[in-house]
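# could you work out the structure for the sequence below:
(2 chains)
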2 protein chains.
Amino acid sequence: MTLRVMGVDPGLTRCGLAVVDVEPNRRATLVAVGVVGTPADHSLDRRLLMIAESVDVWLDTHSPAVLAVERVFSQLNVSTVMGTAQASGVVIAAAARRGIPVALHTPTEVKAAVTGNGQSDKAAVTKMVTKILRLATPPTPADAADALALAITHAWRTGTTSSARSQGGVGQTAAQRLWAEAEAKARQRR
Amino acid sequence: MTLRVMGVDPGLTRCGLAVVDVEPNRRATLVAVGVVGTPADHSLDRRLLMIAESVDVWLDTHSPAVLAVERVFSQLNVSTVMGTAQASGVVIAAAARRGIPVALHTPTEVKAAVTGNGQSDKAAVTKMVTKILRLATPPTPADAADALALAITHAWRTGTTSSARSQGGVGQTAAQRLWAEAEAKARQRR
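Numbering: from 1, shown residues only, chains lettered A, B, ... in the order given. Modelled structure (predicted):
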């Protein structure tokens, strides 16, 4: 069973959006990728609305089974972290309104899943995403590659790291259960 | 002309909500006040959704002319600031979806406007809010009093600190223009 994951790399200036289909054998296929940019000279409410409306359209167009969002840390760049957190709140609420489960992954988890090294740089992530998705050219800008990497990471980690569990919820979502079952079956066939 | 302002003191655990009507002569009247609490053991998406849905109901029920939100700083308590910023993003986007202008005020601005001292403590703010709104008993908890103080602050400052201007927008909103005109007229009558 193919799992459709939407990945979002939240940001006020640039918000990376990506949708990938991932098969139980981990083969991942690009469905859509893009970046929502909001002008720095617009008001905060206008910028957050642009992000909210874009995410609404993506969620309704692609109907992902799960939304993977980068976990924001306050230790990062102080000047932009508040806007990033506000954007992530809007994105997460958009999925929650639709009953789409949300999973948070740290940048280290994403790098480790995609490149095998939690400390790798953006270029290495972009290179591996390009290879994993069998793309002719690397996705640009970096935020788009990060969103793709998030989606791939979530699909590959599902069953071992569920959103609900890591956030104190009651366990796996229906999609995660289905995935875990599919994965177990795929393992038996190998 | 009476200006209806909704104030929100954002937070993931407790989000203070308040609506006040403020007349050109600065007389402020309580319309509604409350707190949305979300359980810490619920998932982040569920908590943000609860806040989003509550704010939606309040905006639709009370139709404020403007939403005043506390400006979040990353320098504050690191363990809660991310959730606070995410909640504020959801709140701001809810207003933006309805075309309701959003104004951000710092805690210092709020304290200075309500008590005359930007360094005053929560008890002093609660005491002044109780007096300004002619309430029989102080609003509780503190988040509710802060939301009321935010709404009062915005109304009292409007015309000198507009949301649009302070955020690089094109100028006053229609509500702010009307208010400034009303204020100018009230001044002439005094």
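
# tell me the contacts of the closest residue to A:A142 other than its chain neighbours?
Excluding its sequence neighbours, the residue lying closest to A:A142 (C-beta to C-beta, 6 or more residues apart in numbering or on different chains) is A:K122, at 5.1 Å. In short, each C-beta sits where N, CA and C put it, glycine included. The contact partners of A:K122, taken as C-beta atoms under 8 Å, 6 or more residues apart in numbering or on different chains, are A:A142, A:A145, A:D146.

# cool, and A:I132?
Shown in contact with A:I132 (C-beta under 8 Å, 6+ apart): A:A28, A:V114, A:I152.

# again, only using 10 Å
Applying C-beta atoms under 10 Å, 6 or more residues apart in numbering or on different chains to A:I132 gives the contacts A:20, A:22, A:26-30, A:114-115, A:148-149, A:152, A:156.

# so among the residues you listed, which ones count as buried?
A:V20, A:V22, A:A28, A:L30, A:V114, A:T115, A:L148, A:A149, A:I152, A:W156 (16 or more other C-beta atoms under 10 Å in any protein chain shown).

# if you rank every helix and strand of chain A by mean pLDDT, what lands last?
Least confident helix or strand of chain A, by mean pLDDT, DSSP states H and E, is helix A:163-166 with a mean of 38.

# follow-up on the earlier one: want to throw the contacts of A:K122 into CSV with neighbour count?
CSV is the format used below for the contacts of A:K122 (neighbours: other C-beta atoms under 10 Å in any protein chain shown):
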residue, neighbour count
A:A142, 18
A:A145, 27
A:D146, 28
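
# closest to chain B among those residues?
A:D146 (18.5 Å; C-beta to the nearest C-beta).

# so what does the helix or strand containing A:L150 touch, helix or strand wise?
Assessed by DSSP states H and E, A:L150 sits inside helix A:142-157. Secondary-structure packing of helix A:142-157 (3 or more C-beta pairs under 10 Å, 6 or more residues apart in numbering or on different chains; DSSP states H and E): strand A:3-9, strand A:14-22, strand A:28-37, strand A:66-70, strand A:102-105, helix A:107-115, helix A:122-132, helix A:174-189.

# export the ones you listed to a markdown table and tack on mean pLDDT?
Formatted as a markdown table, the helices and strands packed on helix A:142-157 follow (pLDDT from 0 to 100):
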| stretch | mean pLDDT |
| --- | --- |
| strand A:3-9 | 97 |
| strand A:14-22 | 96 |
| strand A:28-37 | 94 |
| strand A:66-70 | 96 |
| strand A:102-105 | 96 |
| helix A:107-115 | 94 |
| helix A:122-132 | 95 |
| helix A:174-189 | 47 |
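
# is it possible to get a markdown table of these that adds distance to A:G89?
What follows is the helices and strands packed on helix A:142-157, written out as a markdown table (distance: least, C-beta to C-beta, whole Å):
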| stretch | distance to A:G89 |
| --- | --- |
| strand A:3-9 | 12 |
| strand A:14-22 | 12 |
| strand A:28-37 | 15 |
| strand A:66-70 | 10 |
| strand A:102-105 | 11 |
| helix A:107-115 | 18 |
| helix A:122-132 | 25 |
| helix A:174-189 | 22 |
